[in-house]
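pasting the structure only:
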């Protein structure tokens with residue numbers, strides 16, 4: 001499968017646009033799909049510059065309801081008028097908020113009702129085309145990211161801490177799975193534990209954010225020792241797995257993880273491409 005990053009916080013030169021958002025294009029022999037659609041229509045403009053035809057996308061998979069992953073939906077649905085969108089059944093039933101940099105809404109502020117027939121709601125684990133698993137990270141063996149403490153939701157009964165019942169994990173392939181984590185709000189180790197248990201297959205490549213931002217003034221997240229423990233668990237439990245991260249993984253956190261994981265860990269950016277055989 002061929003993978004291209006259409007939207008991310010970073011780029012490495014060139015004319016591609018960046019944003020606080022994430023969107024990946026995945027191409028297999030059977031279909032083309034998008035994994036999230038970034039915060040705006042920038043992913044589409046980048047795709048054009050990368051000679052990727054968004055009209056040829058067959059499916060869209062949305063990892064969770066935050067606007068940096070769903071903000072490009074209105075533009076996509078107008079441009080590509082056929083591809084169904086797979087998302088959690090809880091996603092559109094709730095509003096989402098963050099208190100980081102002041103309490104504010106991080107839901108998509110757009111009316112998607114005209115496109116309601118395009119949505120396929122995932123309520124439980126599903127198999128798709130026998131080579132794609134849509135699942136929810138059920139494992140609670142490991143701690144969730146501390147940055148989750150700034151995130152909230154409102155399902156109609158008032159604002160409460162977000163439990164991420166709208167987060168889905170996507171796994172591709174028959175063997176040596178490619179796993180897309182989105183932002184890994186339930187924790188990268190819980191996600192991989194859940195995938196391994198639900199599929200019984202080896203995880204070959206993991207790509208997405210780990211939701212491990214760098215600590216900053218007024219906000220302290222995982223300590224260096226805690227990041228070290230995560231890296232150690234990844235190396236011990238998944239010694240042959242390749243990890244590719246970006247978006248909500250901090251620069252300092254990345255370096256600490258890399259120090260222990262070495263070449264098992266790499267970083268993506270807008271315009272990054274890779275082929276998985």
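Done, it's in. Just so it is clear, the structure is predicted and the values come from calculations on it, not from any experiment.

only C-alpha atoms from now on, for both contacts and neighbour counts.
Noted.

pull the helix or strand with minimum mean pLDDT from this protein.
One helix or strand of the chain scores below all others by mean pLDDT, DSSP states H and E: strand 126-128, with a mean of 81.

for that one, name the packing helices and strands.
strand 132-135 (3 or more CA pairs under 8 Å, 6 or more residues apart in numbering; DSSP states H and E).

ranges for the strands of the stretch 151-277 of the chain?
151-154, 159-161, 169-172, 177-180, 203-207, 242-245, 265-267, 273-275 (DSSP state E, counting those that start in this stretch).

of all the ones you listed, which one is nearest residue 49?
Proximity to residue 49, assessed across these by CA to CA, is greatest for strand 273-275 (13.5 Å).

what pairs with that closest one, parallel or antiparallel?
strand 2-7 (antiparallel) (DSSP bridges).

quick check: mean pLDDT of the partner strand?
The average pLDDT within strand 2-7 is 98.

ok now that strand, how far from the chain's centre?
From the chain centre to the centre of strand 2-7 is a distance of 12 Å (CA atoms, centre = their mean, to the nearest Å).

can you tell which of the strands of the stretch 151-277 of the chain is closest to residue 221?
strand 151-154 (13.5 Å).

what mean pLDDT does the strand or helix carrying residue 34 have?
For residue 34, the element it lies in under DSSP states H and E is strand 32-35. The pLDDT scores in strand 32-35 average 98.

and what of stretch 51-69?
Here the average pLDDT along stretch 51-69 is 98.

may I see the buried residues of that stretch?
52, 54, 57-69 (16 or more other CA atoms under 10 Å).

list the contacts for the closest residue to residue 2 other than its chain neighbours?
Nearest residue to residue 2, sequence neighbours excluded (CA to CA, 6 or more residues apart in numbering): residue 275, at 4.5 Å. Going by CA atoms under 8 Å, 6 or more residues apart in numbering, residue 275 touches 1-3.

possible to save the strands of the stretch 151-277 of the chain as TSV with distance to residue 139?
As requested, the strands of the stretch 151-277 of the chain are exported to TSV (distance: least, CA to CA, whole Å):
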stretch	distance to residue 139
strand 151-154	20
strand 159-161	19
strand 169-172	12
strand 177-180	16
strand 203-207	16
strand 242-245	20
strand 265-267	23
strand 273-275	29
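
CSV for the ones you listed, including distance to residue 129 and mean pLDDT?
Listed next are those as CSV, based on distance: least, CA to CA, whole Å; pLDDT from 0 to 100:
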stretch, distance to residue 129, mean pLDDT
strand 151-154, 32, 98
strand 159-161, 35, 98
strand 169-172, 10, 96
strand 177-180, 14, 97
strand 203-207, 19, 98
strand 242-245, 24, 98
strand 265-267, 29, 98
strand 273-275, 21, 97
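
out of those strands, the one nearest residue 188 is which?
strand 203-207 (9.5 Å).

distance between the closest one and the chain's centre?
The answer for strand 203-207 is 13 Å, by CA atoms, centre = their mean.

quick one: strands adjacent to it?
Using DSSP bridges, the strands paired with strand 203-207 are strand 177-180 (parallel), strand 242-245 (parallel).

what sits up against the first one?
Meaning strand 177-180. So strand 177-180 is contacted by 35, 169-172, 201-208 (CA under 8 Å, 6+ apart).

any idea which residue is closest to the centre of the chain?
Residue closest to the average C-alpha location in the chain (CA atoms, centre = their mean): residue 182, at 1.0 Å.

ok so, going back, the strands of the stretch 151-277 of the chain: which one's closest to residue 220?
Nearest of the strands of the stretch 151-277 of the chain (CA to CA): strand 151-154, 14.7 Å.

may I have the strands that pair with the closest one, each with its orientation?
strand 95-98 (antiparallel), strand 159-161 (antiparallel).

looking at the buried residues of stretch 51-69, which are in helices?
67-69 (DSSP state H).

could you export those as JSON lines, including distance to residue 13?
Converted to JSON lines, these look like this (distance: CA to CA, whole Å):
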{"residue": "67", "distance to residue 13": "25"}
{"residue": "68", "distance to residue 13": "22"}
{"residue": "69", "distance to residue 13": "23"}
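
quick one: residue 38 is in a strand?
No: using DSSP: H, G, I helix; E, B strand; the rest coil, the secondary structure at residue 38 is coil, not a strand.

residues contacting it?
Residue 38 neighbours (CA under 8 Å, 6+ apart): 7-8, 19-23, 67-72.
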